[in-house]
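K.L.:
Sequence and predicted model, in that order:
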Amino acid sequence: MWTIANPQLTTLTRPGTGAICSVALNQSLVLTEVDFDADWRSAGVVANHDPVSVLLAVDGDVIEIAAESELVGATAVIVEGRVFTIAADLDNPQEGEFTPIFADSADTGKLGIQPLKQIRLHTTQPIAGKPAAIVAQKKRPSIPTNLAAPNILDALKGLPITGKFNWSLSIEQHPSGSLQLAVDRPHVNQVRDRLKKGTELEVLGIGFSVSNIQEKLEVEGYYTVSVSLTGKWAKPQYNDPAFLHTPRRRNSQQLNNEPQIDSECGVAPNSIPPLRQRPRWVSIPELASRVGVMFQPTRGATNVGTTTSLRNLSGAWVVEVPPDTPRDAARAWSADVVQIARLHGSILDWSHAGKVTTQAIEAGRLWNYQVESLNTTYQGDTLHSPNHKGYAAEFKNAQLTGTFVAENLIINSDRRKGLPQAKWKPRTPKKVTLRSGDLTYASPPSTVKFIRTMSQNFDASGDTKTLHITTTIDGQPFEEIEYIYGFRFQAEDVFTFDLIVNAGVYYTEPKDFWGVVSYKKKVYRYDKRYGFPLGHVTKGWKYLRFKQESDELETLKLFDPNDPIDQLSRDLYVFEKVPIVERSLINNVAFRDYYADAEEQSAWVPYKHCNPDGTSETRYVIDPTWAPTCFAIGDLTYSSCFNVKPNPDLIPGEIYEYAINDIPPKPFVIAGDESITKKSIRLRPARPAGINIPPLTADQSAILFDRFTERNLQDSATNNYNNKAVIESFAENEGRPSPVSRKPSLLEKVDPSQDQANKTSTLNSTTHQSIRFTVCTPGYTWSDPVNGSVSNGQAHTLDFAFTAVKTDLRLQDMQQSVQHSFDVPFNGALRPLDRISLTAQGENHSVIVTSVSNNLTIEGRYGKIPIITWEPTQVQAGIDREIPVVLYKTLLPAPPQGRPQPQPPAEQDPKAPNNPYPWDITHQQLLGKISPRSRGNF
């Protein structure tokens, strides 16, 4: 029986009669296993009885367990997945055997193992008042086991097999894996039935399918079965072509024989095609569903019920079906998905078992690991890179090709040619960059002539200078860069040991130790459709040290290179460059979702429409600059900049002495800070949305009025939690939250009386030859010769084309420039594009995962429970950075006289939309889930 004590729980009187439950302990199956070494315990929960399973650290090559440790009847011992059996000769146990303890014996059970291994002990002999699995030496320190959860391979549940299962995941590739199994002949048919070609399996949420099976009958009389696995969505049935037309249209007799509109009816035939000859559209998710694939992109619209212009401007996941498309036309749903994903800075994710989705490069989870060894391969050209890491992917003034419509197209929703109506044209945003701070930031203060004391370091009381570079677009913050300059040095840099012995002083030039000690770059993110702020992302670095060196000059005293304790202690005074990570998310919601009487500007603009008979009527056109009135109902900001090192006072040889004397070892030392700030609003509207309440009278308004409660929570910690603080505040407010400001639209309204020509602004870099767009990485400019070309066939605006170019460059850089290879403890949740804050022998690296490989071993079964062990996860990761890319627009010389001028393609006015823009806030560009670095995960 288990009891749980928690001081926060109320005390209940134990019933005096009747057992709450009963458990049969005379069975061979282990009832349960609880691993107290794993970090799964909640604060305040205490176990009053022996655990069912425990992991032991052994300080010798033989473990001796006394009889009073209640190991009577032990029948199995598992060491790192290897099952040890009862010795055939109890007086002479061999390797892989152990001697049991009998109830009438006071002897000691012995088992030969290596030091510091993991041990699990099981018994089938019940002992009065004790569980079915017995433990011992529970006060000794333990280390994690490599036993995996038995249910991790539920896809193979019930199969009497042993062997290995390995799989790997890579960026935008289908998962792959293999099973190497050993099966007895009586059970081979069971394996054949479960693992037939095409069988779909799910492991840790990853979808696999059996692609190939090979078996061999060994001379010993058992089968070895090799199963090759590929991704579930790589099966041919999920990539077959699907009909573009619905069954109803395919069976229609009028599909290719529809009536034409008479050109003399007052409608200009060159302005629009007949209604039934307009292009049709089908969404890619719908096309995928016709072959059994659930496709759920995370960015980009999937709506086909809008105009052609809006589909192009939003990078929609749709396929055009021209009027002359045959009724039996078909195509694969995945033909253009990769190119469309690039428009949104995303990749295709084929790993999910239940769906195919997209993932933004910035949306990966954040992990923190320390590794002992790290293999790094540098493949990039260092000619134009700022350091030795180099660039393997560059744009040497490559031409960006394609036919682009200006991102903020002049929108004209009238279907008749030449009629005056409201319209909008693109405008040039106003970009302003300001510098503030000390203009002499590159030089130390003139008042400092010499370095005389250790307190002149920037993190003590030394002088610092700050430079701020702020960029705004139309008055809204776009980018903020901060440089902090200061002194940074150790005693050995400015003093010598001999001078200290002789009481001498050594003065140095301050400029030798003046430089950048902190750098931060904050980039604000906005919703592309409406311009609402979505938060910001801050990256940078800062010099930190664990201890400040005083005028006692500690680093000069710790000079013995042969003393590891001296070296570890000295490292605490050394400055290290530590990454700064900060992310902020803002949740904007519309007022009309919560307030029934919320006032909002109409999304429609009236205009006068001329009828053929000379009369006029009022019609409406959608306002492309419209946006719902929103407020921020909550925001979350996470900031992290800290480093971790082992405590120099933690001597490995004394760990067991601490354990024997029940002395807790000294914790790791931490430098830096970490914080989470949350803000949320609880609304109490007088007239909630969705409830039919009549307007309030004057007397009712005096009693019932809108209120909201604002809650702010700030949780921060510095260094070893010595400055841990949690601040929470509440504020009651009357009225409604303030509306959130947004970036001004890049469209401006045009006077309807102006000329109607040039309704669309076309920027064709290949047809007109009047403007050429090129992209360059550092070291190259527009004046260099054009070298190569880049394009994206799905990009209809320059903004989307440039986003696709930067996304492709980012992917090439992370996979080809720098490759880190390392192992971490088994992590089945690690995925490509996840970020890792990596520490290797004191060196810090910010990497992004490009591929992961895992291996599991099926050792056998204990009863019906499979015994599965894991091997470390093998990780391939690239450098987490963005290579700067510049887009140049070059005006080309006009063609010579006499040569025919190239003409833009004929324009087609889109059909007027029946509904205003979808304003659902879920269409915002999400920054991804914020995953704080856990200080317990090092």
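P.N.:
Looks like it came in fine. Numbers count the residues shown, from 1 in each chain.
K.L.:
Please identify the pairing partners of the one helix or strand residue 163 maps to and their relative orientation?
P.N.:
Assigned by DSSP states H and E, residue 163 belongs to strand 161-170. Using DSSP bridges, the strands paired with strand 161-170 are strand 176-184 (antiparallel), strand 843-862 (antiparallel).
K.L.:
in the longest one, what's buried?
P.N.:
The neighbour-count check on strand 843-862 (16 or more other C-beta atoms under 10 Å) flags 845-862 as buried. In this view, the C-beta of every residue, glycine as well, is placed from N, C-alpha and C.
K.L.:
swap in the shortest one?
P.N.:
Within strand 176-184, the residues scored as buried using 16+ other C-beta under 10 Å are 176, 177, 178, 179, 181, 183.
K.L.:
For the fifth one, which non-adjacent residue is closest in space?
P.N.:
Of all residues beyond its chain neighbours, the one nearest residue 181 is residue 163 (3.8 Å), with distances taken as C-beta to C-beta, 6 or more residues apart in numbering.
K.L.:
Show me how the record splits the chain into domains.
P.N.:
Following automatic domain parsing, the chain resolves into domains at 1-147, 150-233, 240-256+270-361, 365-409+760-907.
K.L.:
Kindly check the end-to-end length of the shortest one for me.
P.N.:
End-to-end span of domain 150-233 (C-alpha to C-alpha, to the nearest Å): 27 Å.
K.L.:
How much space separates residue 554 from residue 570?
P.N.:
According to C-beta to C-beta, to the nearest Å, residue 554 and residue 570 sit 8 Å apart.
K.L.:
With neighbour numbers in mind, choose between the two.
P.N.:
Higher neighbour count among residue 554 and residue 570: residue 570, with 23 against 18, using other C-beta atoms under 10 Å.
K.L.:
Confirm the more buried one sits in a helix?
P.N.:
Yes. Assessed with DSSP: H, G, I helix; E, B strand; the rest coil, residue 570 lies in a helix.
K.L.:
quick check: mean pLDDT across the strand holding residue 163?
P.N.:
Average pLDDT, strand 161-170: 92.
K.L.:
ranges for the helices of the stretch 201-350 of the chain?
P.N.:
Secondary structure of the stretch 201-350 of the chain by DSSP state H, counting those that start in this stretch: the helices cover 247-250, 284-289, 308-314, 337-343.
K.L.:
Ranked by average pLDDT, which of those falls at the bottom?
P.N.:
helix 308-314 (a mean of 59).
K.L.:
For the longest helix seen in the chain, name the packing helices and strands.
P.N.:
Across the chain, the helix with the greatest residue count (assigned by DSSP state H) is helix 798-816. Applying 3 or more C-beta pairs under 8 Å, 6 or more residues apart in numbering; DSSP states H and E, one finds that helix 798-816 contacts helix 337-343, strand 398-400, strand 771-776, strand 843-862, strand 873-879.
K.L.:
Give me the buried positions along that helix.
P.N.:
The neighbour-count check on helix 798-816 (16+ other C-beta under 10 Å) flags 798-807, 809-816 as buried.
K.L.:
in the stretch 351-500 of the chain, which spans are strands?
P.N.:
Applying DSSP state E, counting those that start in this stretch to the stretch 351-500 of the chain gives strands spanning 356-360, 366-371, 375-378, 398-400, 403-405, 423-426, 431-437, 464-473, 476-487.
K.L.:
packing partners for the third one?
P.N.:
So that's strand 375-378. strand 818-824.
K.L.:
pLDDT on the strand it packs on, on average?
P.N.:
For strand 818-824, the mean per-residue pLDDT is 93.
K.L.:
Surely the residue nearest to residue 181 touches residue 191?
P.N.:
No. Contact between residue 163 and residue 191 fails when scored by C-beta atoms under 8 Å: they sit 10.3 Å apart.
K.L.:
which one of the two has more residues nearby?
P.N.:
The neighbour comparison of residue 163 against residue 191 (other C-beta under 10 Å) goes to residue 191, with 22 against 19.
K.L.:
How about residues contacting the strand or helix carrying that one?
P.N.:
Using DSSP H and E, residue 191 sits within helix 188-194. Applying C-beta atoms under 8 Å, 6 or more residues apart in numbering, the contact partners of helix 188-194 are 156, 159, 160, 161, 181, 183, 213, 215, 223, 225.
K.L.:
Over to stretch 710-717?
P.N.:
Applying C-beta under 8 Å, 6+ apart, the contact partners of stretch 710-717 are 673-682, 723-731, 733, 935.
K.L.:
got it, and stretch 379-391?
P.N.:
Stretch 379-391 is contacted from outside by 378, 392-394, 777-780, 813, 816-819, 879, 883, using C-beta under 8 Å, 6+ apart.
K.L.:
Endpoints of that stretch, how far apart?
P.N.:
8 Å.
K.L.:
tell me the average confidence for that stretch?
P.N.:
86.
K.L.:
Neighbours of residue 377, how many?
P.N.:
For residue 377, the neighbour count with other C-beta under 10 Å is 10.
K.L.:
Ignoring the adjacent residues along the chain, who's closest to it?
P.N.:
Using C-beta to C-beta, 6+ apart, the closest residue to residue 377 is residue 819 (4.5 Å).
K.L.:
partner residues bridging the one you found?
P.N.:
Here residue 819, judged by DSSP bridges, has bridge partners residue 377, residue 878.
K.L.:
what's the spacing between it and residue 879?
P.N.:
9 Å.
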